[in-house]
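**Q** pasting the sequence and the predicted coordinates here, then a few questions.
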Amino acid sequence: MSGPPDYLLEVGEAVARILADVQALGPEERPLLEAHGRVLARDVVSGVTLPPWDNSAMDGYAVRAADIPREPVTLRVTETVAAGGFATRAVGAGEAIRIMTGAPIPEGADTVIRLEDTDGGVDRVQIRSSRDVLKNVRPRGEDVVAGRVTVRAGTTLGAAQLGVLAAIGEASPSVHRAPRVAILTSGDELVDLDRFEEVRAGKKIVSSNSYALRALVRAAGGEPVYLGIAADTRASLREHLARARDCDLVITSAGVSVGEFDYVRDVLRELGAEMRFWRVRMRPGAPLGFGLLGGTPWIGLPGNPVSSMVTFELFARPAIRKMCGHTRLFRRPVDVELEEPVALTAELTHFLRAIVTSRGTTRADLHATQPAGVAPAAHLTARLTGPQGSAILTSMAHANALLVVPPTRPQVAAGETLHALLLGEDAALADEFAL
């Protein structure tokens, strides 16, 4: 393992170095429903045209516009065509065919008069309004044209995309493979939940990182592969790391600092890994490591629960998303107005756990009052979740955002503006309050 830099990297530089060594994984075909949330690896060209025929956009009567020079006008009804059926004859002069939504337009017709504008009988229909002349006909190929790209590579497959692919018969789309992400925690004091009695006895603590990181990997689009909890020995670390041979990314938690029993970097060096860096100018999470283990990226997260989750969010999540084929890798920052002052001492980039809320008005109201083309101002406010110690995991559980405090602003007064990264379900709001 080559020596790491003898200085602390800025957060942006550290992220860039990680992403430079991470690539989108190759394609695989997946059954359509299993492809939900995955990223399309190849363009999909439709083999069919949709709709395959001109069809009715309304329940009503298919007629010729030439037969409705005025209203009212009475036409002879020759038959009824339901969705899935076809007319048995063309629409002739003075004739109408009753038609249901989605049914093919009969030959000769160019208009569908909606049902509510008619007085219909069994054999005759009176057209009371001509407002629908030359309307309510969905043309063939309005949605999809055979031979054209229907869904492009790089698209994340949501419900609408799955519907389109189903409609054109794409039963097994080619998507980027989801990365298998090995997760290893270490520490003699840690146990899994099956040994909780030792926690009750005051002898051990639960490895909360083991559970949080697996959930975070899954939420980012990866497949977590749990390697267990290694003891604070080189032999145990080597044994556990050997289980990661078939994985695309290795994430360790703890053991990358400078403590007497922090052996992760030493063991990686023994295994021939190449260290890229191991310190970042941030809090929490400064002792972050990154390298390549036999060509497989390794990210060494700190052991403190908050530090582990924050550094995962900033460094591991973008890496996993890039492996999944995403091009949008990061949370979109939003402006927030502080509800309380923030005072820090260390000249580092701080990521504080915060609760971001809208300031007394709906998002629709904000957009309605905002000039066209102008991004909304800081209509979101933020307050801290409380004490910000890196071992206070409940501060993450209560937060819906990370408040970003740059090293140049250690003192920020209430009412001033900072950036925040919205997390979880609230992250979708960032698009509405984009910078």
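**A** Received, thanks. These numbers were taken from a predicted model, which means no experiment stands behind them.
**Q** excluding chain neighbours, give the residue nearest to residue 239 in space.
**A** residue 230 (7.4 Å; Cβ to Cβ, 6 or more residues apart in numbering). From N, CA and C alone the C-beta is placed, and that goes for glycine too.
**Q** give me the neighbour count for the one you found.
**A** By the criterion of other Cβ atoms under 10 Å, residue 230 has 26 neighbours.
**Q** now residue 65
**A** Neighbours of residue 65 (other Cβ under 10 Å): 15.
**Q** give me the pLDDT for residue 192.
**A** Note for residue 192: predicted pLDDT of 96.
**Q** residues near it, how many?
**A** That count, for residue 192 with other Cβ under 10 Å as the rule, works out to 15.
**Q** now swap in the one 10 residues further on and tell me
**A** For residue 202, the count of nearby residues is 7 (other Cβ under 10 Å).
**Q** where does pLDDT dip in this protein?
**A** 1-7, 257-261, 360-378, 428-435 (pLDDT under 70).
**Q** for it, which helix extends over the most residues?
**A** Among the elements of the chain assigned as helix by DSSP state H, the one spanning the most residues is helix 208-220.
**Q** who touches it?
**A** 181, 183, 185, 190, 192-193, 223-224, 226, 229, 251, 253-254, 301, 303, 305, 308-309, 312-313, 316-317, 320-321, 324, 393 (Cβ atoms under 8 Å, 6 or more residues apart in numbering).
**Q** for the helix or strand where residue 351 lies, buried residues please.
**A** Using DSSP states H and E, residue 351 maps to strand 349-358. Within strand 349-358, the residues that count as buried by 16 or more other Cβ atoms under 10 Å are 349-356.
**Q** and if you look at stretch 134-152?
**A** Buried residues in stretch 134-152, counted by 16+ other Cβ under 10 Å: 136-138, 140-141, 144, 150-151.
**Q** could you do stretch 48-63 as well?
**A** Under 16+ other Cβ under 10 Å, the buried positions of stretch 48-63 are 49-51, 54-63.
**Q** tell me the one among those nearest to residue 422.
**A** residue 50 (37.2 Å; Cβ to Cβ).
**Q** bridging residues for that closest one?
**A** residue 144 (DSSP bridges).
**Q** would you put the C-alpha positions of stretch 384-401 in CSV?
**A** Taking C-alpha atoms only, stretch 384-401 is exported to CSV below (Å, rounded to 0.1, in the frame of the first residue of the first chain):
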residue,chain,number,x,y,z
LEU,A,384,-30.2,21.8,14.9
THR,A,385,-31.4,18.6,16.3
GLY,A,386,-29.6,19.3,19.5
PRO,A,387,-26.2,18.2,20.7
GLN,A,388,-23.9,17.3,17.7
GLY,A,389,-21.6,14.7,19.2
SER,A,390,-20.6,12.1,16.7
ALA,A,391,-21.8,9.3,19.0
ILE,A,392,-25.3,10.7,19.4
LEU,A,393,-27.1,8.5,16.8
THR,A,394,-30.5,9.9,17.7
SER,A,395,-29.4,13.2,16.2
MET,A,396,-29.4,11.5,12.8
ALA,A,397,-32.7,9.8,13.5
HIS,A,398,-34.3,13.2,14.2
ALA,A,399,-32.7,15.0,11.3
ASN,A,400,-34.0,15.4,7.8
ALA,A,401,-31.0,17.3,6.5
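**Q** residues in contact with that stretch?
**A** By Cβ under 8 Å, 6+ apart, stretch 384-401 touches 208, 212, 283-285, 302, 304-307, 309-310, 336, 340, 342, 352-356, 382, 403, 420-424, 426.
**Q** counting neighbours, which bits of it end up buried?
**A** So for stretch 384-401, counting by 16+ other Cβ under 10 Å, buried means 384-385, 388, 390, 392-393, 395-396, 399-401.
**Q** what pairs with residue 334 across the strands?
**A** residue 420, residue 434.
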